[in-house]
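Trainee: Sequence and predicted structure, then a few things I'm wondering about:
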Amino acid sequence: MNTHKSHELFARAQALMPGGVNSPVRAFKSVGGEPFFVARAEGPYLFDVDGNRYIDYVGSWGPMIVGHNHPAVLDAVLRTARDGLSFGTPNPLEVTMAETISRLVPACEMVRMVNSGTEATLSAIRLARGATGRARIVKFEGCYHGHGDSFLVKAGSGALTFGVPTSPGVPKALADLTLTLSYNDFDGATALFDECGDDIAGLIVEPVVGNANCLPPRDGYLQHLRELCTRHGALLIFDEVMTGFRVALGGAQARYGVTPDLSTFGKVIGGGMPVGAYGGRADLMRQIAPSGPIYQAGTLSGNPVAMAAGLAMLELIQAPGFYADIERRTNALCDGFEDAAQEAGVAITTQRVGGMFGLFFSDEKVDTYAQAVACDTAAFNRFFHAMLERGVYLAPSAFEAGFMSSAHDDETIDATVAAAREAFREA
Ligand SMILES: Cc1ncc(COP(=O)(O)O)c(CN[C@@H](CN)CCC(=O)O)c1O
């Protein structure tokens, strides 16, 4: 595959941008090799600057659930942009966005728009701390909630001890306030809350973990976290930046029937434009400035063009049968991967939840972070490149989820499985 122009661009980029990228995962460090530079995208496809076409299962890391450059989304952006790009004043579209999110996710009695998932999660944590007067938060190993300081923390020597920064620049004093649990471990969560539940401001969790590949919750696990938080007066925060409008119209909270106190969103609600949001119980959200003392702000929050893109996307996914259809496509792909791997004599397992999926090079079911880490990542990396050479772009890391779209028709999925039939032999 000729990637000459991408190679040249990457050399220039590396001289001017850390790692040559504006977000680390794009640099292919996890899988090796160099990233390709995209010139344009359409439906299920990316087209790079050298004219190569890829079937895309990353979808800009989740937003593109109706495929790239959907005419309805593009029209909404162009139509709205003609009236101005940003006003810095209230605009009608942000009211419609808040009404839409609140209607589709009833636990969000009130909503605040921001510009990224990171802004949404760090604002939600500040709200939890401000509303409870407590300082400690709980997160899960393998969950990613954006690059807010309180989240760049891993478990200390034991889950009950202080957190340890995972990045320079995160003060130890702040990391100490983040406790880390193992996802899907019922007893570990109970023990932590028994020990210090009354000091915990909030527990934040990806209800389906999409940043350690794809790990669905064990039966009753989210309910268990809900009960622990309620019992100890801690807020349950569902980080639905990835799962929101991806695993069900009402997000993971609708799919699993568990109501968090706060929810965070991003990706799909921006339709490809920079958008995040957090929302939840009105008695909590009213404590956010200017109605309350907890400060949070943003120059471009509720930007009209971004709202128009997000609203067009949210309109499309409300079509009757949208999620049943996308789940069918995800299952067809994952069933195809499993058949192809079996033919090649390669041990893989898949996880699928709505429009997201995970592919693990393992012969056992994977639903914990420890199991995900134990998988054969070298085999995944070889498979990744073998698929890329055949025009299929999977997430460039063994620890990222894959994303389906309504633009991936049966023919596209069959072509992907055909490529996998060969690529597994190179894994
Ligand atoms: C569950 C969850 N919560 C928060 C975030 C942060 O959102 P952003 O700040 O990147 O918009 C993310 C961001 N996801 C990554 C992909 N795993 C974005 C890709 C990237 O970092 O470039 C997320 O998955």
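Mentor: Great, that's in hand. Numbers count the residues shown, from 1 in each chain.

Trainee: CA atoms for contacts and neighbours, from now on please.
Mentor: Noted.

Trainee: Get me the contact residues on the stretch 201-350 of the chain for the ligand.
Mentor: 206, 211, 239, 241-242 (CA under 6 Å from any ligand atom).

Trainee: Closest one to P18 out of those residues, please.
Mentor: Nearest to P18 among those: N211, at 22.0 Å, using CA to CA.

Trainee: Quick check: that closest one touching Y144?
Mentor: Yes - under the criterion of CA atoms under 8 Å, N211 makes contact with Y144 at 5.8 Å.

Trainee: Filter the residues of the stretch 201-350 of the chain next to the ligand down to just the ones in strands.
Mentor: When DSSP state E defines the strands, the subset of those inside them is D239.

Trainee: and which of the residues of the stretch 201-350 of the chain next to the ligand is nearest A379?
Mentor: Closest approach between these and A379, by CA to CA: N211, at 18.8 Å.

Trainee: Neighbours of the closest one, how many?
Mentor: 20 (other CA atoms under 10 Å).

Trainee: Name the nearest residue to it, ignoring sequence neighbours.
Mentor: E400 (5.1 Å; CA to CA, 6 or more residues apart in numbering).

Trainee: which residues sit in contact with that neighbour?
Mentor: If you count contacts by CA atoms under 8 Å, 6 or more residues apart in numbering, E400 has them with 210-214, 358.

Trainee: ok so, going back, and of the residues of the stretch 201-350 of the chain next to the ligand, the nearest to A341?
Mentor: Out of those, the member with the shortest distance to A341 (by CA to CA) is N211, at 23.4 Å.

Trainee: quick one: pLDDT of that closest one?
Mentor: N211 carries a pLDDT value of 96.

Trainee: now it: how far from F245?
Mentor: 17 Å (CA to CA, to the nearest Å).

Trainee: A254 too?
Mentor: 10 Å.

Trainee: These two: which is more packed in?
Mentor: Ranked by neighbour count (other CA under 10 Å), A254 and F245 place F245 first, with 31 against 18.

Trainee: How many neighbouring residues does the nearest residue to the more buried one once chain neighbours are set aside have?
Mentor: Using CA to CA, 6+ apart and skipping the chain neighbours, the partner closest in space to F245 is G251 (5.0 Å). Per other CA under 10 Å, the neighbour tally for G251 reads 24.

Trainee: next one: the one 4 residues further on
Mentor: As a burial measure, the neighbour count of R255 was computed by other CA under 10 Å and equals 14.

Trainee: shouldn't it be in contact with A248?
Mentor: Yes - between R255 and A248 a contact is recorded at 6.1 Å, counting by CA under 8 Å.

Trainee: The ligand contacts on the stretch 1-150 of the chain?
Mentor: When proximity is defined as CA under 6 Å from any ligand atom, the stretch 1-150 of the chain approaches the ligand at 23, 25, 61, 116-118, 144-146.

Trainee: circling back to that earlier point, if I look at the residue nearest to F245, how far off is I65?
Mentor: 13 Å.

Trainee: which SSE is the closest residue in space to S405 that isn't next to it in sequence in?
Mentor: Among residues not flanking S405 along the chain, I65 sits closest, at 4.3 Å (CA to CA, 6+ apart). Under DSSP states H and E, no helix or strand contains I65.

Trainee: that older thread, of the residues of the stretch 1-150 of the chain next to the ligand, which qualify as buried by neighbour count?
Mentor: In these, burial by neighbour count holds for 25, 61, 116-118, 144-146, counting by 16 or more other CA atoms under 10 Å.

Trainee: Out of these, flag the one nearest to A282.
Mentor: For these, the minimum distance to A282 (CA to CA) is 20.5 Å, reached by G117.

Trainee: E42 against H68, yeah?
Mentor: Yes - counting by CA under 8 Å, E42 touches H68, with 4.7 Å between them.

Trainee: okay, the two: which has more neighbours?
Mentor: A direct count of neighbours by other CA under 10 Å for E42 and H68 places H68 higher, at 24 against 14.

Trainee: From G88, how far off is the more buried one?
Mentor: 28 Å.

Trainee: cool, K172 as well?
Mentor: From K172 over to G88 (counting by CA to CA), the distance is 37 Å.

Trainee: which residues does the residue nearest to A189 when sequence neighbours are not counted bridge with?
Mentor: Excluding the flanking residues, the one nearest A189 by CA to CA, 6+ apart is L181, at 6.6 Å. Under DSSP bridges, the beta-bridge partners of L181 are F140.

Trainee: what about this protein, any weak spots by pLDDT?
Mentor: Residue ranges of the chain with pLDDT under 70: 156-162.

Trainee: so who does the residue nearest the centre of it touch?
Mentor: Nearest residue to the geometric centre of the chain (CA atoms, centre = their mean): M242, 2.8 Å. Counting by CA under 8 Å, 6+ apart, M242 touches 62, 210, 265-268.

Trainee: try 7 Å this time
Mentor: By CA atoms under 7 Å, 6 or more residues apart in numbering, the contact set of M242 is 62, 266-267.

Trainee: since we're on F186, how many residues are nearby?
Mentor: For F186, the count of nearby residues is 16 (other CA under 10 Å).

Trainee: so how far is Y221 from it?
Mentor: For F186, the distance to Y221 - CA to CA - is 7 Å.

Trainee: Help me confirm that the residue nearest to A189 comes into contact with F140.
Mentor: Yes - the criterion here is CA atoms under 7 Å, and L181 meets it with F140 at 4.7 Å.

Trainee: Next, the contact list for the nearest residue to A324 once chain neighbours are set aside, please.
Mentor: Nearest residue to A324, sequence neighbours excluded (CA to CA, 6+ apart): G354, at 7.9 Å. Counting by CA under 7 Å, 6+ apart, G354 makes contact with 246-248, 323, 326-327.

Trainee: Next: G298.
Mentor: Contacts of G298 (CA under 7 Å, 6+ apart): V114.

Trainee: Using the three-state scheme, assign it.
Mentor: coil (DSSP: H, G, I helix; E, B strand; the rest coil).

Trainee: Next up, phi/psi of it, please.
Mentor: phi -170, psi 120 (degrees, to the nearest 10).

Trainee: What distance do you get for it to the ligand?
Mentor: 14 Å (CA to the nearest ligand atom, to the nearest Å).

Trainee: how near is A344 to I55?
Mentor: Taken as CA to CA, the span from A344 to I55 is 22 Å.
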